[in-house]
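[1] this one's structure only:
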């Protein structure tokens, strides 16, 4: 039997969900590698550039939906961003969009605060793209 001081080898504690969520990485490198391998590096890079070019549109759609006061529009716009970001491995942006989508669907409120979190993820994702175009290996 393992010593009493050894950490359990099973799942995280049940209260892990209640703890402050750790921000996911900006990029899920497994998704990036898989998609880059499947499409080829040039096609993958063009797809990522196209996504980055559309970030202001996604942000504007969500902002307009929030201003409209229609949570269903917020949820739909956030859902579209969540899927597009996840498909390209933008894990942090996808997670922030998912939180906004779920809050809009549930009517729990706090949408403006969640939109600010999403805006931070937008900025980080845009900076990541700027960085990757000038540095190798990122």
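    Nice, thanks for sending it over. For clarity, every value in this text was computed on a predicted model and none was experimentally measured. Residues are numbered from 1 along each chain as shown.

[2] Following element in sequence after the longest helix along the chain, please.
    Counting by DSSP state H, the longest helix found in the chain is helix 41-68. Downstream of helix 41-68, the next assigned helix or strand under DSSP states H and E is helix 71-87.

[3] Tell me the buried residues in that next one?
    Within helix 71-87, the residues scored as buried using 16 or more other C-beta atoms under 10 Å are 71, 73-79, 81-82, 84-86. C-betas here are computed from N, CA, C, even on glycine.

[4] and which of those residues is nearest residue 53?
    For the buried residues of helix 71-87, the minimum distance to residue 53 (C-beta to C-beta) is 12.0 Å, reached by residue 84.

[5] Do I have it right that that closest one meets residue 51?
    Yes: using C-beta atoms under 8 Å, residue 84 makes contact with residue 51 at a distance of 6.2 Å.

[6] In contact with residue 122, which residues?
    Residues near residue 122 by C-beta atoms under 8 Å, 6 or more residues apart in numbering: 55, 58, 59, 93.

[7] Can you pick out the most distant pair from those?
    Taking C-beta to C-beta, no two of those sit farther apart than 59 and 93, at 10.4 Å.

[8] most neighbours, which of the contacts of residue 122?
    Within those, most neighbours by other C-beta atoms under 10 Å means residue 93, with 29 neighbours.

[9] Please list all residues in contact with that residue.
    Contact partners of residue 93, counting by C-beta under 8 Å, 6+ apart, are 26, 81, 85, 118, 121, 122, 124, 125.

[10] how about JSON lines for the residues you listed, with distance to residue 43 and pLDDT added?
    Shown next, in JSON lines, are the contacts of residue 93 (distance: C-beta to C-beta, whole Å; pLDDT from 0 to 100):
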{"residue": "26", "distance to residue 43": "21", "pLDDT": "94"}
{"residue": "81", "distance to residue 43": "22", "pLDDT": "97"}
{"residue": "85", "distance to residue 43": "18", "pLDDT": "97"}
{"residue": "118", "distance to residue 43": "28", "pLDDT": "96"}
{"residue": "121", "distance to residue 43": "25", "pLDDT": "95"}
{"residue": "122", "distance to residue 43": "24", "pLDDT": "95"}
{"residue": "124", "distance to residue 43": "24", "pLDDT": "94"}
{"residue": "125", "distance to residue 43": "20", "pLDDT": "93"}
